[in-house]
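Chemist: curious how this folds, go ahead:
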Amino acid sequence: MHPTTIFIPAYQAEHTVEAVIERIPEAFWPAVCEVLVINDGSQDDTSGAVRRATERFPKVRLVEEAENHGYGTAVRKGLRLSRETPAEYVVCLHADGQYPPEKMAEFVAYMAEHEIDVLQGSRHKDGTASQGGMPFYKVIAGKILTWLENWTFDLQMTDYHSGFMLYSRKAVESIPFETLSYYFDFDLEVIASARARGLHVGELGIPTRYDDEESHLNPIWYGLRCLRVMLRYRLGRY
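Modeler: The predicted structure follows:
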């Protein structure tokens, strides 16, 4: 198995983050270098939930931020710390349980076999988005944005807006993460930066699950920022 570091950006995740860690398959743990939980200034007991998890899973490490700095900042922290581990691959796993830890081994193996540098989990590739409860407006808005993004980046992806992202060591060391967004468009900027550097970008299907967890994303602001990323890419800014 390929050495893999997992990082989990977490905000107000006391009720979900421990279950996410528990869902990491037992057979995958020997490949895990470290599980870094970036607590991004949560006001609830996210830290307590992670500490309880560390008692059972010694590879888990809590990284505390005193204030909330935003999704992109938390991901940058996770990627920066991941570079300090011997990982060949790095996984960004969200703390709300929406994305499947169970798929990590399959994704890492696919990356190694096909020499993929940035691999994104797609909620649309296998038609699971609507079945999993994705709101209809998100399905439609996503299709429109995806058409534009495929034209912009010259790819044939079905979903650019899933936060289930995996990185090769090459990607972690060559993409200038510290210059990218503090907001949720960070992941799209990663793809833009990867394409600008000739890195290989791909996707695999994932199951979709929408429950009652609180979203911290403003869809209108997010959509406008995605359009901004596409314009910047066309202007050669990445």
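Chemist: okay, buried residues for the longest strand anywhere in the chain please.
Modeler: Looking across the chain with DSSP state E, the single longest strand is strand 32-40. Across strand 32-40, burial judged by 16 or more other Cβ atoms under 10 Å covers Val32, Cys33, Glu34, Val35, Leu36, Val37, Ile38, Asn39, Asp40. Quick note: C-beta positions are derived from backbone N, CA and C, even for glycine.
Chemist: helix or strand next in line after that strand, which one?
Modeler: helix 46-56 (DSSP states H and E).
Chemist: any idea which helix or strand in the chain has the lowest mean pLDDT?
Modeler: Least confident helix or strand of the chain, by mean pLDDT, DSSP states H and E, is helix 136-153 with a mean of 85.
Chemist: against which helices or strands is that one packed?
Modeler: helix 186-196, helix 219-234 (3 or more Cβ pairs under 8 Å, 6 or more residues apart in numbering; DSSP states H and E).
Chemist: in a markdown table, list those helices along with mean neighbour count.
Modeler: Converted to a markdown table, the helices and strands packed on helix 136-153 look like this (neighbours: other Cβ atoms under 10 Å):
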| stretch | mean neighbour count |
| --- | --- |
| helix 186-196 | 23 |
| helix 219-234 | 15 |
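Chemist: so can I have a markdown table of the ones you listed showing mean pLDDT?
Modeler: Listed next are these as a markdown table, based on pLDDT from 0 to 100:
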| stretch | mean pLDDT |
| --- | --- |
| helix 186-196 | 98 |
| helix 219-234 | 95 |
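Chemist: tabulate those helices (JSON lines), appending distance to Lys125.
Modeler: What follows is the helices and strands packed on helix 136-153, written out as JSON lines (distance: least, Cβ to Cβ, whole Å):
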{"stretch": "helix 186-196", "distance to Lys125": "15"}
{"stretch": "helix 219-234", "distance to Lys125": "19"}
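Chemist: figure out which of the ones you listed is closest to Gly205.
Modeler: Nearest to Gly205, of all the helices and strands packed on helix 136-153, is helix 186-196, at 17.1 Å by Cβ to Cβ.
Chemist: now the closest one and helix 219-234, what's the angle there?
Modeler: Counting by axes from the mean of the first three to the mean of the last three Cα atoms, to 10 degrees, helix 186-196 points 10 degrees away from the direction of helix 219-234.
Chemist: so what's the gap between helix 186-196 and the chain middle?
Modeler: 12 Å (Cα atoms, centre = their mean, to the nearest Å).
Chemist: so where's this protein shaky on pLDDT?
Modeler: For the chain, the stretches with pLDDT under 70 are 127-138, 210-215.
Chemist: for Leu119, helix, strand, or coil?
Modeler: State at Leu119, reduced to three classes by DSSP: H, G, I helix; E, B strand; the rest coil: strand.
Chemist: for it, which non-adjacent residue is closest in space?
Modeler: The shortest distance from Leu119 to any non-neighbouring residue, by Cβ to Cβ, 6 or more residues apart in numbering, is to Leu166 (4.4 Å).
Chemist: cool, Leu188 as well?
Modeler: Leu188's closest residue in space is Val229 (Cβ to Cβ, 6+ apart), at 4.9 Å.
Chemist: what's the spacing between the one you found and Glu189?
Modeler: Applying Cβ to Cβ, to the nearest Å, the value for Val229 to Glu189 is 6 Å.
Chemist: what's the overlap in contacts for these two?
Modeler: Taking Cβ atoms under 8 Å, 6 or more residues apart in numbering as the contact rule, Val229 and Glu189 both touch Ser181.
Chemist: phi and psi next, for Ala95.
Modeler: phi -80, psi -10 (degrees, to the nearest 10).
Chemist: please apply the same query to Ala87.
Modeler: The phi/psi pair for Ala87 (degrees, to the nearest 10) is phi -70, psi 140.
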